[in-house]
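Colleague: any chance you could fold what I've pasted below:
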Amino acid sequence: MSNLIPSGALRRMLLPPTYGRHVTPASEFTILSVEVWASGLVVNVHLASEGGPAPRLILEDHFGTTYTLEESAVVDSRNLQVFTPSVPPGTRSLTIRAADDPGRPVVTFAVPLMAVPDTPSVAAVPEVPAAREAAGLPDEGPYQPELRRPA
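Modeller: Next up is the predicted model:
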């Protein structure tokens, strides 16, 4: 099994607001979480039976981003599916649907507001007050983005 973890930093872990269970004659599974990485998404799925087939998932956001399945691995009753790209800045929701019943969502996640994808390191921000002022930076130290839920 290859390393399924996407490159870059883990930005957010999304947990379902409700029980993300899907049951049809074709498949039965539960969405446990979605990891938002800098380069992609990892959907953590619990299968109804050990060794069961991996579900075909469809991911969508309110922008209409096309998410592509890159890798999938089944270990016992757990399935990890890696999709690219990551959620674009400003994404408010992420919906997961099953390909066997695309008319109804399995689960919809609220995506908290995330700061700019890659902020400069603290070492890159001058600490000397005169240098900070010359660079147009405030005196109180490095910028810390405020993470808020979208309205």
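
Colleague: tell me which residues in stretch 32-47 are buried?
Modeller: Along stretch 32-47, the positions that meet the burial threshold by neighbour count (16 or more other CB atoms under 10 Å) are 34-37, 40-45, 47. All C-beta spots, glycine's among them, are computed from the backbone N, C-alpha and C.

Colleague: ok, which stretches of this structure are strands?
Modeller: The residue ranges that make up the strands of the chain, judged by DSSP state E, are 10-14, 20-23, 28-37, 41-47, 57-61, 68-75, 78-84, 93-98, 101-110.

Colleague: any chance of the buried residues of stretch 32-47 in CSV with pLDDT and distance to residue 86 as columns?
Modeller: Rendered in CSV, the data for the buried residues of stretch 32-47 read as follows (pLDDT from 0 to 100; distance: CB to CB, whole Å):
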residue, pLDDT, distance to residue 86
34, 95, 11
35, 94, 10
36, 94, 6
37, 93, 6
40, 94, 6
41, 95, 6
42, 95, 10
43, 96, 13
44, 95, 16
45, 94, 19
47, 94, 25
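
Colleague: okay, now the unreliable bits of this protein?
Modeller: Low-confidence regions of the chain, defined by pLDDT under 70, span residues 1-2, 114-151.

Colleague: who are the neighbours in contact with the residue positioned nearest the centre of it?
Modeller: In the chain, the C-alpha nearest the mean C-alpha coordinate belongs to residue 36, at 2.5 Å (CA atoms, centre = their mean). With CB atoms under 8 Å, 6 or more residues apart in numbering as the criterion, the residues that contact residue 36 are 10-14, 86-87, 111, 114.

Colleague: and stretch 61-78, which residues are buried?
Modeller: 61, 67, 71-72, 74.

Colleague: wait, which of the residues you listed is closest to residue 28?
Modeller: Checking the buried residues of stretch 61-78 against residue 28 by CB to CB gives residue 74 as the nearest, at 14.2 Å.

Colleague: so how far is residue 50 from the closest one?
Modeller: Summarising the geometry, the distance separating residue 74 from residue 50, computed by CB to CB, to the nearest Å, is 9 Å.

Colleague: again, but for residue 16
Modeller: Here the criterion is CB to CB. By it, residue 16 lies 22 Å from residue 50.
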